[in-house]
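S.K.: Quick one, structure for this:
(chains A, B, C and D)
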Number of protein chains: 4
Amino acid sequence: MAEIKTGILGATAYTGLELVKILAKHPHVSISFISSRSFTGKRFSEVFGEATGICDETLISTEEAAGKDVDCVFSCLPHALSAELCLSFIEKDIRVIDLSADFRIQDAKAYKKWYEHDHPKPELLKEAVFGLPEIYREQIKNAKILANPGCYPTSILLPLIPLLKTAGVAITSIIADSKSGVSGAGRTLKLSSHFVEANENMVPYSIGRSHRHLSEIDQELSKAAGKKVEITFSPHLSPLNRGILSTIYLSINRKAGECCTIVKDFYKDEPFIRIRAKEDLPKVSFVANTNYCDIAFAGGEEGQPVIAVSAIDNLIKGASGQAVQNFNIMFGIDETEGLE
Amino acid sequence: MAEIKTGILGATAYTGLELVKILAKHPHVSISFISSRSFTGKRFSEVFGEATGICDETLISTEEAAGKDVDCVFSCLPHALSAELCLSFIEKDIRVIDLSADFRIQDAKAYKKWYEHDHPKPELLKEAVFGLPEIYREQIKNAKILANPGCYPTSILLPLIPLLKTAGVAITSIIADSKSGVSGAGRTLKLSSHFVEANENMVPYSIGRSHRHLSEIDQELSKAAGKKVEITFSPHLSPLNRGILSTIYLSINRKAGECCTIVKDFYKDEPFIRIRAKEDLPKVSFVANTNYCDIAFAGGEEGQPVIAVSAIDNLIKGASGQAVQNFNIMFGIDETEGLE
Amino acid sequence: MAEIKTGILGATAYTGLELVKILAKHPHVSISFISSRSFTGKRFSEVFGEATGICDETLISTEEAAGKDVDCVFSCLPHALSAELCLSFIEKDIRVIDLSADFRIQDAKAYKKWYEHDHPKPELLKEAVFGLPEIYREQIKNAKILANPGCYPTSILLPLIPLLKTAGVAITSIIADSKSGVSGAGRTLKLSSHFVEANENMVPYSIGRSHRHLSEIDQELSKAAGKKVEITFSPHLSPLNRGILSTIYLSINRKAGECCTIVKDFYKDEPFIRIRAKEDLPKVSFVANTNYCDIAFAGGEEGQPVIAVSAIDNLIKGASGQAVQNFNIMFGIDETEGLE
Amino acid sequence: MAEIKTGILGATAYTGLELVKILAKHPHVSISFISSRSFTGKRFSEVFGEATGICDETLISTEEAAGKDVDCVFSCLPHALSAELCLSFIEKDIRVIDLSADFRIQDAKAYKKWYEHDHPKPELLKEAVFGLPEIYREQIKNAKILANPGCYPTSILLPLIPLLKTAGVAITSIIADSKSGVSGAGRTLKLSSHFVEANENMVPYSIGRSHRHLSEIDQELSKAAGKKVEITFSPHLSPLNRGILSTIYLSINRKAGECCTIVKDFYKDEPFIRIRAKEDLPKVSFVANTNYCDIAFAGGEEGQPVIAVSAIDNLIKGASGQAVQNFNIMFGIDETEGLE
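M.R.: Reported below is the predicted structural model:
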């Protein structure tokens, strides 16, 4: 198979590092360029010392990147900027995998509400495919614009969508209590990510109905259910580098065991979903540094909520690993290539 | 004021260390004895090097302790054993503050169900006072057997009891998602407390309706509500030494702001309760190494649950600090003595 | 005893928080003002949520602070700025305890070499007293300008000075390998203090002869030895919030046991020095949140170096605790007041 | 290439998990058996949940393993036991890679001194090859018994051996101050590995001349130098899961830059050695989860010691990665297979 030429926009955050590490050892990929706004002219391995000998490419500017001809562009840029800079590639019919939120929300009004600015090209929103491979594999194959899902949404959607799609299952309330490692907050300097502030701490933030990821969570759950779904979502910054554990409380007309059976059957051929027994609940260490999403169901005794527990690595299945999984599907490569 | 003579049973776990550190600097207390089953004959500061120069007492055996005459005994022994060994003191009319679960459950059948053995002296259960000072201060003053609450229960009961006691407030569902530091699992060696297993991890356990602390949580919430209350409770082992954060989801006929007002008013004279704004949610670092319980209310938008958030130090307000707070009340000392 | 009126300059770094926590419960102190450049007008407890109910003072500007009349000023400002802003107080004969490096180096040329700017008032350098209470207690009593030692220097000087002062003891080489928690790098945002960068990491920096603290370490060791001493010093950023462990290798004409005896005798009446056996080496957990410096001696077999190990809490004995210890000495208060 | 059949003895410690993860994805390897004394009959993925879907083999007993016919056996058993159980394979001419210390010490008396029991088969010691590929690659090719080096020794030997082998370089004193993550202490339960004891701590142990790894460090340095070398070695338990940083102080007749040049040249074709500039010192995060050893040289100003800094992942280059690197050499496979 000929090598597929790729470019990476904005590669100097944690998702960029992870993406480069995966692509650098991917047998069917060559990296044509890596761009950075802050570190133009430096080598990638000067920004991330761990990449020495793995990726010593010199980072080019966004402007220079825009003129490059490749088969696929990954964007790790922040939202708003990402859509802007992806446009030139989209116009040249270069396939784009956007790890930002810019193409995840299909409704431009909802995008504006949650991200507080107008979408630069709202007509493209309906072309974009939401890149959850286990749900949208067929559409992903031909996607020109791939909207790679957020980390929290991935951990919440994967256990719930099979239930919502099952006839006769009724869920009347969903509360997701998520715990994330600090890399989820990015490499940008802020006090809440300072070691002394985050270490030996547990910090709830944007709880209830205020975190931006609600836009894609609600959208995808509603699509699966065929009706409007709005969940309660409480993220917590936890003192670990990577990983998300979501504990999700469901008012549902099924027992935990039945939920487990439904979801296990739904994902029976999936390489990156592992359903666990309730005596063997998911935990972050099981999935760290992997593209797995581990899922289990417990609770549901005597009228109590059923509890779905899921775990992912926020930088892999919650970002760059899933992006490469989508890439593999888009380019007809074995879906697990580079991810095991 | 004359010094009050105290003894400590089973002082070589983390609650014991914390208790000794508080009592050693308490101006009205002398420590008459410290006992240990595993370290009899060693000095306390040999077991805990940090106590060198603070408490160098030689640890005596349980048998030797039983003959000692003191004003008050603190027991940090594990459940089942604790009640057994407290009996000789109770019989001599020595006041006992039991940090184990042995006197917390007023119904001997419920005790047996959750702790899987018969209570050694069920007739004492009704004499014991549940030591939540903010709720039972008057009864604590004269308590002969003080049942010091569990750490998770303290973090869940304090934000909820004022609501349940308020006329007109109706709560139809309670889900408590709690995150605890590893000291809550004790100093006993087990794989889940091994550094490599707990670090960089987030581990749900006993979720739903299976953790023993449910017995005292349900009991106390039911007493406050005047009717049977059963909650969903999901503890999570988190990679920090100390602290509990509880995120509690309430189906309630009040807004978050109203809950805040009710609880703030209820605790307006309490030295160790701090009510925070929803923009300034509790977090573990705010309460670590203190006897505070921080509480806030958020959520409740558009039919969504109200979210109570509480934070305590599991070893202080969740154990030894609260024990000393109870001790101060029992012996007529300023309630904050030794705790600031 | 009348309350001593104090003011704090630049209180919104970690040393400031620690200092306020100690002074707020000190029985002989009132805090007249707290200043901040970045948070003027905010309450101290808005900057540090843990201080709610403990210190809710409104932060004033440096300019407003300069006009205040107090008995003693603590400065937690960064070097260069600190000396500048302390001058107005010094001129009014207000005693100053400076936690920055500005008055530690008695030679203005050495100050300029290490701190890369001219000292604003070099003639004051000889008036300043180096605030290591165990060494300079008599001079501290009457100090008008108290130069509070650095954290690394405290951990290195305390085990070595007694040896260097002992007749007949010859040390021909000193290598100090120090490991510090991240709070030692301050609250200022920088990539190396980002949680994801510091966690699960161990980072050597400024090793050999390049860290600024060498200036005061060499100065004080040379004074003790009566001749020029220059050490090798390698600090390491370690993934913990607080604490310094220094492992110090000595080419010395004494065995470890003899070193231990000398140092133990030298510090026999010191409340905050604990000498440990070589089977019970100092570690950070022994001293965290205390004003202790723990010291032991090991090694020295068959011509090998003797190894001094010391541990302190960098924010307490390495900064604010030692500042209050000095304050107590300066104002004739029991030296341990507020520190136990 | 035909698959090489391998077996693993004692695979349920951290090195075993790491080894299985590497071998499971190695393109030229099949795992014929995995044995365990404690978990016989369980599946590997029941012991390590992260291995679900990666290795679900049932663990067999040591007795059953002894009868198996394979091409190569890896032993992750503890010392003493390891040599015992490897013997049956050695007798059948099956090549053995022993990750324990049992074949590292070529002198049976030294083995007894440091490991406190007689070696079960001292005549085999001279047949064993010390598996540091960068030094003994030729001997490794034909090794029948491969003694995989210890983690600390790997981090100390790699930067020093090239210097000691260089004519004219004289080193008169070596002090290695090493900081290790907790996985280096194994998965066995002990108080020092309890999360609450290791977290927020820094713990020196076996400092000076008492750690067992000195036996292989001294042996290999002496061989390289052609004369007896004895170093000072101080390990420190540090609060991270994996990684070793060694800071090594050398009295040497060369400048840091010259050391760097010598070592860089010596390792110029090595795939797993990275020499860094002194402005870009090794740190644990650079090598975590890789088989790299990063090395730099600094210091050496004005008669001060030169400082070698090295970093490895203790479980990979310090154990299982190096074992697979040796395996690749022994079986004529590309040395980096499975390790990138």
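S.K.: Please count neighbours and contacts with C-alpha atoms only from this point.
M.R.: Noted.
S.K.: And for A:V309, the neighbour number?
M.R.: Neighbouring residues of A:V309 were enumerated by other Cα atoms under 10 Å in any protein chain shown; the total is 28.
S.K.: Identify the bridge partners of it.
M.R.: Beta bridges link A:V309 to A:T247, A:A296 when assigned by DSSP bridges.
S.K.: I'd say it and A:I295 touch.
M.R.: Yes: taking contacts as Cα atoms under 8 Å, A:V309 lies within contact range of A:I295: 5.6 Å.
S.K.: Find the residues that touch each one of these two.
M.R.: Counting by Cα atoms under 8 Å, 6 or more residues apart in numbering or on different chains, the contacts common to A:V309 and A:I295 are A:159, A:281-282.
S.K.: Sort out for me which of these are in helices.
M.R.: A:P159 (DSSP state H).
S.K.: Among the shared contacts of A:V309 and A:I295, which one has the most neighbours?
M.R.: A:P282 (32 neighbours).
S.K.: Looking at that one now. What's its pLDDT?
M.R.: At A:P282, the model reports a pLDDT of 98.
S.K.: Just the pLDDT for the nearest residue to A:Q106 once chain neighbours are set aside.
M.R.: Distances taken as Cα to Cα, 6 or more residues apart in numbering or on different chains place A:L125 nearest to A:Q106, at 5.3 Å, with adjacent residues excluded. Note on A:L125: pLDDT of 96.
S.K.: from what I can see A:L125 touches A:D107, true?
M.R.: Yes: A:L125 lies in contact with A:D107 (Cα under 8 Å); the separation is 7.4 Å.
S.K.: ok, the shared contacts of A:V309 and A:I295 vs chain D, which is closest?
M.R.: A:P282 (8.6 Å; Cα to the nearest Cα).
S.K.: list the contacts for the closest one?
M.R.: A:245, A:276, A:294-296, A:309-311, B:203-204.
S.K.: for A:T336, same thing?
M.R.: A:271, A:325, A:328.
S.K.: Is it located within a strand, as I assumed?
M.R.: No: read with DSSP: H, G, I helix; E, B strand; the rest coil, A:T336 is coil and lies in no strand.
S.K.: picking up where we left off before, show me which of the contacts of A:T336 are buried.
M.R.: Among those, those classed as buried by 16 or more other Cα atoms under 10 Å in any protein chain shown are A:325, A:328.
S.K.: A:E64: neighbour count?
M.R.: Per other Cα under 10 Å, the neighbour tally for A:E64 reads 11.
S.K.: separation between the nearest residue to A:I273 once chain neighbours are set aside and chain B?
M.R.: With Cα to Cα, 6+ apart as the criterion, A:I273 has its nearest non-adjacent residue at 5.0 Å, and that residue is A:C293. With distances taken as Cα to the nearest Cα, to the nearest Å, A:C293 is found 14 Å from chain B.
S.K.: surely A:C293 meets A:K317?
M.R.: Yes: using Cα under 8 Å, A:C293 makes contact with A:K317 at a distance of 7.0 Å.
S.K.: Spell out which residues of chain A are next to chain D.
M.R.: A:25, A:49-52, A:274, A:285-287, A:340 (Cα under 8 Å from any Cα of the partner chain).
S.K.: Without its sequence neighbours, what residue ends up closest to the residue in the stretch 1-150 of chain A positioned nearest to chain D?
M.R.: Distances between the stretch 1-150 of chain A and chain D by Cα to the nearest Cα are smallest at A:E50, namely 4.0 Å. Closest residue to A:E50 apart from its sequence neighbours, by Cα to Cα, 6+ apart: D:F286 at 4.0 Å.
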